[in-house]
Structures are given as C-alpha cells and as structure tokens.
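Novice: Sharing a sequence plus its predicted fold:
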Amino acid sequence: MSSLREKKAWKALTEHHPSIASKHLRDLFAADPDRAERYTLEAVGLRLDYSKHRIDDDSLNHLFALARESDLEAKRDALLSGAKVNVTEHRAALHTALRAPADAHIEVDGKNVVPEVQATLRQMETFAEAIRSQQWKGFSGKPIRHIVNIGIGGSDLGPVMVCQALRHYSDQRLQLRFVSNVDDTDFAEAVRDLDPAETLFVVASKTFTTQETMTNAHTARDWLLQAAGGKIEAVARHFVALSTNADAVTGFGISTDQMFGFWDWVGGRYSVDSAIGLSIMLAIGPARFREFLAGFHAMDEHFRHAPLERNLPVIMGLLNVWYTNFFGTQTVAVLPYEQYLSRFPAYLQQLTMESNGKRVTAEGVTVDYDTGPIFWGEPGTNGQHSFYQLIHQGTRLIPCDFIAFAESLNPLGKHHDLLIANVIAQAEALAFGKTADEVKAEGTPAELVPHKVFEGNRPSSLLLAEKLTPALLGSLIALYEHSVFTQATIWGIDPFDQWGVELGKQLARTVAAEFDGDEAELKHDSSTNAAIRWYRQHRRPV
Ligand SMILES: O=P(O)(O)OC[C@H]1O[C@H](O)[C@H](O)[C@@H](O)[C@@H]1O
C-alpha cells in the first residue's frame with residue numbers, strides 16, 4: 001500500500017466519506033444557516049464561495065490534516081525559496097521569482113535571480129516601447145503593425161489566453177496573431193492578409209528546438225525574405241526570440257541583442273509571466289504588464305502566508321483531491337462567465353494536466369490512487385445550451401468552477417445582469433435540483449416526471465471578482481498554479497516535469513524520416529507500417 005493510503009488523515013477521510021456521500025446539499029444547507037458565510041473566503045480581490053461542495057467541517061478538517069501530514073507548508077516554502085523541487089530534472093520551479101518585487105532576494109544555486117529577472121523586464125519594456133511608439137521600423141521603413149507569436153504549448157497558450165483576456169486593455173493599433181501548429185494552415189491563415197514589411201515575428205521557445213516552432217519560424221523567415229528581396233538584414237528588423245537557448249537563437253540568425261532570456265527554472269506552462277509574455281506586453285504596454293505581475297505576486301503572498309484553512313489555492317486543491325480520490329470523479333469543468341476568458345479553460349488544460357497527469361510518485365513508485373483530473377470547459381452561457389445537460393442530469397459527477405465578474409468591460413443594456421443571473425442560477429440548479437414532487441406540482445404528465453427531475457447534489461465553486469483587470473488575471477492564474485501544486489503535494493508527484501510528451505515526439509521524428517526512406521525498412525507494427533505506406537502513396541511530393 002502507498003504511503004498516501006497509510007496516512008492517518010487519508011484513513012480518516014475514507015471512513016468519513018460515506019457519511020457525506022449519503023447526504024444531499026439540500027440537507028447540508030438546511031441544517032446549517034451560516035453555511036454560505038462560513039464557506040466563503042475573500043482574498044486578493046477574489047471571492048470563493050465553496051459552500052456548494054459536498055463537504056462539512058469534518059471533511060475540511062481531515063483534508064487540512066492530510067495537507068499537513070503531506071508537509072504541504074514545508075514543501076510550499078521549499079518551492080518559493082528556490083529549492084530543486086522538480087526532482088526528475090534537478091531544477092527549481094521558481095515562476096514566483098518572475099513576479100517578485102525588485103528588492104526581493106531569491107537564490108538558485110547560491111545566486112540571487114531577481115536582478116536578472118528585473119533586467120530582462122527592462123529589456124522587454126524598452127523594446128515594447130519602441131514598437132508601440134512606432135519608432136521601430138521594418139525593412140522598408142514602415143512601423144510594425146502586426147505581431148505574430150510563433151510558439152507552442154507553454155510558449156503559446158499563455159500569451160494566447162492573456163492577449164485575449166486583456167484585449168480591452170490593448171493597443172488596438174497592433175494586431176496580434178498566434179501560430180502554434182505545424183499544420184501549414186495555421187501559418188498560412190495567420191499571415192494571409194499581413195504585409196511582411198509591417199510584421200514582427202516573436203519566436204517563443206524555451207528550448208528553441210521544438211520541431212513545430214522551428215519549422216514555423218523558418219517558414220516565417222522565408223516569407224519575410226521573399227518580400228524583402230532576399231536581404232538578410234531584414235531578419236533583424238522582423239524577428240525577436242524568447243528563449244533560454246542563446247546558441248540555438250544565434251544559430252537561427254537572431255542576434256542575442258534581440259533575444260529575451262529566461263532560465264531553466266521556469267517551466268513552459270509556468271512561463272506566461274517571463275519573457276514568453278512579450279507579446280502580452282506589446283499588446284497591453286509595460287505598465288499594465290507590471291500590474292499583471294503584481295496580481296500574481298499578491299496571490300503568491302497569500303499562498304505563502306495564509307493559514308491552510310483560509311488559503312484559497314489550498315482549499316481549491318484539496319477539494320480536487322476530495323472529489324478525485326473519494327468520489328471517483330474524473331473531470332473538472334471550468335466555466336468562465338466572461339467572454340474575454342474564452343481561452344482560459346484551454347490554458348488550464350496544459351497547466352493542470354501536463355503538471356498532474358502522472359502515474360508514478362516523485363520517487364518513481366507507481367501510485368495506487370488517482371491523480372490529476374481532466375480539466376475542460378467553455379465560456380458560459382454557451383455551454384448551457386450544449387453540454388450542461390450532462391452535468392445536470394447525466395450519470396457522472398462533475399465538479400464545476402464558475403468564474404464571473406461584477407462589472408462588464410463592455411456594458412450593453414441588460415446583458416450583464418442576464419449573464420450573472422445565469423451563472424448564479426446554474427450553481428443553484430446543480431446543487432439543489434428539482435424533486436419529483438416539485439415536478440409533479442407543476443402539473444407535469446406522469447410519464448415525463450422522471451425526465452424532468454433534477455437530482456441536484458452536484459458541486460461547484462463560485463469564484464467572483466469586481467472586474468477583469470491585468471492584476472486580477474495574474475491572481476487568477478496564480479490561484480490555479482498553487483492549487484495544482486497543492487494537489488501534486490498530496491499525491492506525491494512531480495508537477496514540474498512532462499516526460500509523457502517525449503515518446504510521441506521521438507516516434508514522429510522516425511516516421512517523418514521514413515516517408516522518404518526505403519519501403520523494406522519499415523519495422524513498426526502492421527498498423528503503423530500500413531499508415532506510413534498509405535501516406536507515401538497519397539501525399540503530394542514536396
Ligand atoms: O518552449 P518550447 O521549448 O518550444 O516548448 C514548448 C512546449 O513543448 C513541450 O513538448 C512541452 O510539452 C511543453 O511543456 C512546452 O511548453
């Protein structure tokens with residue numbers, strides 16, 4: 001049996017679970033008039049109402065005990081102090097240093113990393129001002145009007161999500177595009193209507209070796225050079241690199257003056273607040289980018305200092321453990337009632353699933369409990385008219401994170417009232433449902449009653465804030481980052497590596513080489529061999 005199952009608090013939770021599983025949220029609320037008040041926490045501009053979860057004080061106390069028995073506080077402090085918590089790669093995971101104040105002192109291998117972080121920020125700011133003020137000119141003397149970020153995974157999802165989320169705060173004279181997929185169409189559609197003379201490519205890649213990104217970057221260079229009459233000097237006016245790999249950047253033809261660096265202690269999915277965020281800074285400007293970072297930092301401080309019982313990311317993380325391991329839930333739905341957050345669920349998929357999708361502990365022992373749930377979601381109210389049916393009446397239990405704001409950034413008549421009425425009503429409907437008696441009392445024909453019953457007892461968190469600002473968005477991202485860390489700590493896994501992406505990459509290299517290779521040499525299984533042969537016969541020669 002694993003050490004997790006042997007923990008006192010785990011055993012207590014196992015014993016306690018049936019008493020809660022047999023209770024309905026209707027009863028929990030009826031028995032406790034102060035429930036909403038007691039299970040609502042406000043910190044860093046975020047208000048989390050977790051009263052509609054299938055918990056009582058005992059459940060919470062056992063979960064906090066489990067966190068303590070798993071050394072969450074000491075492990076959190078190790079994370080924040082720059083210890084090598086990414087054990088399989090022998091690296092720190094110091095994304096929190098990227099948003100620490102300029103006078104902070106955080107060491108990795110005996111060296112304070114904060115001055116370098118601040119120096120890179122200043123370098124980014126100088127460049128962003130040059131582009132935004134139109135002083136920076138392209139090869140033909142025209143200012144830059146289009147920014148194309150080329151990157152994938154953490155070098156794409158963060159900038160995409162944040163640029164979308166903060167469009168309201170963006171300089172509308174600059175148009176942002178993102179190319180991530182190696183699919184030709186992604187590049188072709190991104191640049192179809194752009195003038196190369198006015199386009200800046202931001203090549204974002206921590207390693208600067210990622211196949212998709214390098215392929216797109218070379219295609220972008222050819223596209224530019226074709227328009228610039230083959231003049232190689234044009235590249236310097238139209239390409240910058242965001243990377244940790246100076247040699248590869250220089251090898252590509254981008255001078256290190258136009259490289260914005262970061263460090264191996266910044267994981268890809270934790271890099272949106274590093275130089276990888278340059279396209280965000282270009283869009284919203286340096287001052288707002290600093291506000292964005294301050295929002296992260298405020299949540300980091302809350303995570304560091306608040307007692308576990310009043311710690312938002314800890315509570316959110318423990319609730320995920322509770323459902324995953326004791327209710328056997330498989331997924332978490334993230335449902336922002338804010339159009340600007342339309343890419344937030346996609347962003348969270350990498351953050352949560354690449355971090356906690358592990359089946360061995362940090363020590364390499366196979367786990368005998370479930371780990372990271374599947375995260376998914378879409379903005380409300382759209383989801384209500386498609387998949388919410390399953391959340392309300394299906395056979396699966398799906399905890400939901402609802403996110404909403406008091407203020408609309410684009411007020412139009414009654415729209416916002418209706419939007420917020422919907423999110424509040426959905427949480428209510430999921431929790432309390434509608435009984436057969438209530439359905440009958442509405443005069444429903446007997447044969448339809450079972451179809452119209454809502455069982456309820458479906459849990460959700462309601463996360464509310466005044467308004468979507470750069471700072472609030474930073475806090476919201478950090479909230480999920482630390483929730484992920486909390487879960488990983490309980491499960492004893494390394495949330496900062498991602499070995500699971502390697503096999504596919506490796507095999508793709510082999511297969512790509514075989515498209516032009518010798519037929520007799522195919523040594524895969526019969527299905528893989530057949531697919532390779534089929535493609536060889538049908539593909540258009542390059
Ligand atoms: O930034 P890069 O080095 O190009 O990496 C881009 C992405 O690809 C990798 O395969 C990892 O799965 C991601 O964590 C990473 O964000």
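Specialist: Thanks, I have the structure now.

Novice: Next to the ligand, which bits of the stretch 101-250 of the chain? Give me the list.
Specialist: Contact residues (C-beta under 6 Å from any ligand atom) of the stretch 101-250 of the chain with the ligand: Ile152, Gly153, Gly154, Ser155, Ser205, Lys206, Thr207, Thr210, Thr213. In short, each C-beta sits where N, CA and C put it, glycine included.

Novice: Got a quick PyMOL command for the buried subset of those residues?
Specialist: The following PyMOL line selects those of those that are buried, judged by 16 or more other C-beta atoms under 10 Å:
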select buried, resi 152+153+154+155+205+206+210+213
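
Novice: For the stretch 101-250 of the chain, which segments count as strands?
Specialist: Secondary structure of the stretch 101-250 of the chain (DSSP state E, counting those that start in this stretch): strands at 107-108, 111-112, 146-150, 175-179, 199-204, 239-243.

Novice: The third one: partners in the sheet, and parallel or antiparallel?
Specialist: Each strand that strand 146-150 pairs with, and the sense of that pairing, follows from DSSP bridges: strand 175-179 (parallel), strand 199-204 (parallel).

Novice: from the ones you listed, which stretch is densest packed?
Specialist: strand 199-204 (a mean of 26; mean count of other C-beta atoms under 10 Å).

Novice: In what element of secondary structure is the residue positioned nearest the centre of the chain found?
Specialist: For the chain, the residue nearest the mean C-alpha position is Leu348 (2.8 Å; C-alpha atoms, centre = their mean). Assigned by DSSP states H and E, Leu348 belongs to helix 344-348.

Novice: Pull the residues that contact that helix.
Specialist: 157-158, 160-161, 165, 334-336, 375-378, 403, 476-477, 480 (C-beta atoms under 8 Å, 6 or more residues apart in numbering).

Novice: List buried residues within the residues you listed.
Specialist: Using 16+ other C-beta under 10 Å, the buried members of those are 157-158, 160-161, 165, 334-336, 375-378, 403, 476-477, 480.

Novice: taking those residues one by one, which sit in helices?
Specialist: Mapping the buried ones among the contacts of helix 344-348 onto helices (DSSP state H) picks out Leu157, Gly158, Val160, Met161, Ala165, Leu476, Ile477, Tyr480.

Novice: circling back: from Leu157, how far out is the residue nearest to the centre of the chain?
Specialist: Note on Leu348: its distance to Leu157, by C-beta to C-beta, to the nearest Å, is 9 Å.

Novice: just Asn245 next, same as before
Specialist: Note on Asn245: its distance to Leu157, by C-beta to C-beta, is 20 Å.

Novice: Could you break the protein into its assigned domains?
Specialist: Partitioning the chain according to the TED database yields domains covering residues 4-69+306-491, 95-288, 499-538.

Novice: If you average the pLDDT over the first one, what comes out?
Specialist: Which is domain 4-69+306-491. Confidence over domain 4-69+306-491, taken as the mean pLDDT, stands at 98.

Novice: Also the second one?
Specialist: Regarding domain 95-288, the rounded mean pLDDT is 97.

Novice: ends of that domain, how far apart?
Specialist: End-to-end distance of domain 95-288: 19 Å, with C-alpha to C-alpha, to the nearest Å as the criterion.

Novice: how far does that domain sit from the chain's center?
Specialist: 19 Å (C-alpha atoms, centre = their mean, to the nearest Å).

Novice: tell me which parts of this protein are close to the ligand?
Specialist: So far as C-beta under 6 Å from any ligand atom goes, the chain lies against the ligand at 152-155, 205-207, 210, 213, 268-269, 354, 498, 501.

Novice: one more time with 5 Å, if that's ok
Specialist: In this structure, the chain approaches the ligand at residues Gly153, Gly154, Ser155, Ser205, Lys206, Thr207, Thr210, Thr213, Gly268, Gln498, Val501, judged by C-beta under 5 Å from any ligand atom.

Novice: Does Lys467 touch Pro411 like I think?
Specialist: No - the pair Lys467 / Pro411 is not scored as a contact, 11.2 Å apart, by C-beta atoms under 8 Å.

Novice: The two: which is more packed in?
Specialist: More crowded of Lys467 and Pro411, by other C-beta atoms under 10 Å: Lys467, with 13 against 9.

Novice: Let me know the secondary structure of that one.
Specialist: coil (DSSP: H, G, I helix; E, B strand; the rest coil).

Novice: how close does it get to Thr209?
Specialist: From Lys467 to Thr209 the distance is 41 Å (C-beta to C-beta).

Novice: Please settle this for me: is Leu41 part of a strand?
Specialist: Yes - with three-state DSSP as the criterion, Leu41 is part of a strand.

Novice: Next, the contact list for Ala246, please.
Specialist: Thr256, Met259, Gly261.

Novice: And those, which is closest to His392?
Specialist: Closest to His392 out of the contacts of Ala246 is Gly261 (48.8 Å), distances taken as C-beta to C-beta.

Novice: Would you agree the closest one is in contact with Thr244?
Specialist: Yes - at 6.3 Å, Gly261 and Thr244 qualify as touching, with contact defined as C-beta under 8 Å.

Novice: Quick check, the residue in the stretch 401-542 of the chain closest to the ligand?
Specialist: Val501 (3.9 Å; C-beta to the nearest ligand atom).

Novice: and that residue, how many neighbours?
Specialist: 12.

Novice: Run through the residues that contact it.
Specialist: Contacts of Val501 by C-beta under 8 Å, 6+ apart are Glu354.

Novice: Can you classify it by secondary structure?
Specialist: Going by three-state DSSP: Val501 is helix.

Novice: Hmm, Ala508 is touching Gln211, no?
Specialist: Yes - contact criterion C-beta under 8 Å: Ala508 and Gln211 qualify, at 7.4 Å.

Novice: Quickly list what's touching both of the two.
Specialist: Residues touching both Ala508 and Gln211 (C-beta under 8 Å, 6+ apart): none.

Novice: Can you add distance to His90 and give the strands of the stretch 101-250 of the chain back as CSV?
Specialist: Output for those, formatted as CSV (distance: least, C-beta to C-beta, whole Å):
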stretch, distance to His90
strand 107-108, 12
strand 111-112, 16
strand 146-150, 29
strand 175-179, 32
strand 199-204, 24
strand 239-243, 20
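
Novice: mind checking which of the ones you listed is nearest Pro459?
Specialist: Here strand 175-179 is closest among the strands of the stretch 101-250 of the chain (C-beta to C-beta), at 34.4 Å.

Novice: picking up where we left off before, of all the strands paired with strand 146-150, which one comes closest to Ser527?
Specialist: strand 175-179 (31.6 Å).

Novice: Tell me where the stretch 301-450 of the chain has strands.
Specialist: 331-337, 374-376, 400-405.

Novice: With distance to Gly295 added, can I get those in a markdown table?
Specialist: A markdown table is the format used below for the strands of the stretch 301-450 of the chain (distance: least, C-beta to C-beta, whole Å):
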| stretch | distance to Gly295 |
| --- | --- |
| strand 331-337 | 16 |
| strand 374-376 | 21 |
| strand 400-405 | 14 |
